[in-house]
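>>> Below: sequence and its predicted model.
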Amino acid sequence: MAVAKTLAEKVWDAHVVRKGDGEGANAQPDLLFIDLHLVHEVTSPQAFEGLRLAGRKLRRPDLTIATEDHNTPTLDIDKPIADLTSRTQIQTLRNNCAEFGVRLHSLGDAEQGIVHVVGPQLGLTQPGMTVVCGDSHTSTHGAFGALAMGIGTSEVEHVMATQTLSLKPFKTMAINVEGALRPGVSAKDIILAVIAKIGTGGGQGYVLEYRGSAIRALSMEARMTICNMSIEAGARAGLVAPDQTTYDYMFGRPHAPQGAEWDAAVEYWNTLRTDDDATFDVEVDLDADTLEPFVTWGTNPGQGVSLSAKVPSPEDFGDENAKAAAERALQYMGLQAGTPMKEIRVDTVFLGSCTNSRMEDLRAAADIVRGRQKDPNIRMLVVPGSARVRLEAEAEGLDKVFKDFGAEWRFAGCSMCLGMNPDQLEVGERCASTSNRNFEGRQGKGGRTHLVSPVVAAATAVRGTLSSPSDLDPAPESAAIRTHAA
Amino acid sequence: MEKFTTHTGIGVPLRQSNVDTDQIIPAVYLKRITRTGFEDALFSAWRKDPSFILNQAPFNIGSVLVAGPDFGTGSSREHAVWALKDYGFKTVLSSRFADIFRGNSGKQGLLAAEVAQDDIELIWKELENAPGTEVTVDLVSKTVICGNIVAPFEIDDYTRWRLLEGLDDIGLTLQHEADITAYEATRPAFKPTTLPARLS
């Protein structure tokens, strides 16, 4: 009988080009084939340059795709990029893609957008694949049952030259989420709670598999939100077994298999699940029934609490390092221990990033703000994950809902998730953000980030303080008139 | 890649956990398209604070960074490794490294040595009591020596071997090109290609 395997082990085994040498001081690890290499402007220029210097070719342009996202402005996209170094980096990507024959979706193109939104949207991300990108949030693609991980620029060059990676074996961790989420609680809250539970280093050396009834009940976009933040728990990759939800999402997408190939693919994809008698190295359980909206108070994604809780005190932490980290975080965040999270007033709300910028995220937030007015002291940026998402949202009238609410409707890109383009926080500015990292200065030097779900972001924009949808007064009469077709 | 066997240099105690790659090098410096010249970017936000460890002699000329757990978390930016190297660091000691940072270090000849937190604490005390104390990191024997402290460290065998030999990864893989070609021939037809482009 075949050895029982986890999903991650199955995908790994199906990609071994050359089995490793086993034990020994110079034993090479397994060499794995890479099915899809996603490229963006920030982590690729030095890799392309490396190929040129060594006189090497890009082995598989037909398994490579590039998009512009990190540096791109979300306003005035028809004008040249004002920042000269950003413009140079974008131009370098364009030159490199032209020279090496890589398909590129540039600013202004209907398929441009955040690399982790574009791949799934085009149907290029499929179950059982290996997907890499010089970007740690490549774990997003694990939502399809793909083994997807972020890599550094040296590895980007390695994949370009060989279409393979030498990878150290990983351990497996099951994240079992059973039960049903309550209204106002979403995938973002699940993953923030997971990170708070296992810590930012808890997943190091592991591939996570999200399982259980609460995960099965999630849409593909929600699963992407969860897998996206696997890296915030220290895991390079996280995945969900494909099922009918996955197939329904994929069917008919531009690069999804068609006709007989679709049937062959589904037959294979149906084998992509952890065998019943397979064992994980570690299992972690989370109860979906009792989960509340979650929010971070500190400067790493593990420093989170329920929205109904209070800012913790450093004394709450037993470990000396955690205590010191909490002290430092409270000082940076300008928070007092014991303050109810819901009394924290924010300046800016950011709805966007590879974590939460897809149609479902925009719809969920629009449903909260429809017919309401934003708090007058708040600025809210709504940034679709891709140009395609922006077009679809406009077709549903979501742009109008957000604009009527008082939010800014922007063009697609990474935007305020990281301080690399014009969308940045000022020193001391506090932001409720649907992105993935609350590190010091991540959204701009001196900026203060609270990670939240799209509906918490929307409710916060209404009240001006960190809020859940259940804190809102009933919407005015007009809100009942739905303006979109969904 | 340059060979790494042993290194001795001034140790820098960085008493902090979760030093993420946004702290090591903020995103604004990632717009550059070069692989060198990032020394000004290293810990750039923290270096504006005069009390930051790297603003104090003799730590400013240190080459062995001794950090708290979960070093290098977050973004995959290899620029973090380039910045540490460009500043003059040859090795980083921590009880736990983020996976991607550890991988990037190995590719670039920066030794990420995993040292037990108890030993890190002892080394911190030694470096704080006697600033300028040199730390020796010996990759052959996988040992850290600081004053009277002798501590073992962990590193995976393959990375250690590549560092000791100074080997280029791509060159090693290309020795197996026939295996890659053979694998490519077996890929199922339903797997997608990016070219020719199909659009919505």
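Yep, that arrived. Residues are numbered from 1 along each chain as shown, chains lettered A, B, ... in the order given.
>>> C-alpha from now on. contacts and neighbour counts both.
Noted.
>>> longest single strand anywhere in chain B?
Scanning chain B for the strand with the most residues, using DSSP state E, yields strand B:6-14.
>>> would you put the C-alpha positions of the following helix or strand past it in PDB?
Proceeding C-terminally, strand B:6-14 gives way to helix B:21-24 as the next helix or strand, assigned by DSSP states H and E. Presented in PDB, the C-alpha positions along helix B:21-24 are these (Å, rounded to 0.1, in the frame of the first residue of the first chain):
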ATOM      1  CA  THR B  21      13.200  42.900   7.200                       C
ATOM      2  CA  ASP B  22      11.300  46.200   7.100                       C
ATOM      3  CA  GLN B  23      13.400  47.300  10.000                       C
ATOM      4  CA  ILE B  24      16.600  45.900   8.500                       C
END
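>>> coming back round to it: which strands or helices does the longest strand of chain B pack on?
strand B:64-67, helix B:117-129, strand B:134-138 (3 or more C-alpha pairs under 8 Å, 6 or more residues apart in numbering or on different chains; DSSP states H and E).
>>> Indicate which one of these is closest to chain A.
For the helices and strands packed on strand B:6-14, proximity to chain A was assessed by C-alpha to the nearest C-alpha; helix B:117-129 is nearest, at 10.3 Å.
>>> Let me see the ranges of the helices in chain B.
B:21-24, B:79-87, B:99-108, B:117-129, B:157-165, B:169-174, B:177-185 (DSSP state H).
>>> what pairs with the longest strand of chain B, and is each one parallel or antiparallel?
strand B:64-67 (parallel), strand B:134-138 (antiparallel) (DSSP bridges).
>>> Identify the residues contacting the longest helix along chain A?
Criterion DSSP H: the longest helix present in chain A is helix A:84-100. Outside of helix A:84-100, the residues within contact range by C-alpha atoms under 8 Å, 6 or more residues apart in numbering or on different chains are A:40-42, A:44-45, A:48, A:57-58, A:61, A:66, A:68, A:71-72, A:80-81, A:102-104, A:421, B:31-33.
>>> what about the longest strand of chain B, distance to the chain center?
For strand B:6-14, the separation from the chain centroid amounts to 14 Å (computed by C-alpha atoms, centre = their mean, to the nearest Å).
>>> quick one, what contacts the residue nearest the centre of chain B?
The centre of chain B sits closest to residue B:105, judged by C-alpha atoms, centre = their mean, with a distance of 3.6 Å. Taking C-alpha under 8 Å, 6+ apart as the criterion, residue B:105 is in contact with B:81, B:111, B:112.
>>> Out of the residues you listed, the closest to chain A would be?
Closest to chain A, out of all of the contacts of residue B:105 and judged by C-alpha to the nearest C-alpha, is residue B:81, at 9.8 Å.
>>> Not counting its neighbours along the chain, what's nearest that closest one?
residue B:105 (6.0 Å; C-alpha to C-alpha, 6 or more residues apart in numbering or on different chains).
>>> ok, and for the longest strand of chain B, which residues are buried?
For strand B:6-14, a neighbour-count test (16 or more other C-alpha atoms under 10 Å in any protein chain shown) marks B:6, B:7, B:8, B:9, B:10, B:11, B:12, B:13, B:14 as buried.
>>> Tell me the one of these nearest residue A:456?
Closest approach between these and residue A:456, by C-alpha to C-alpha: residue B:14, at 36.0 Å.
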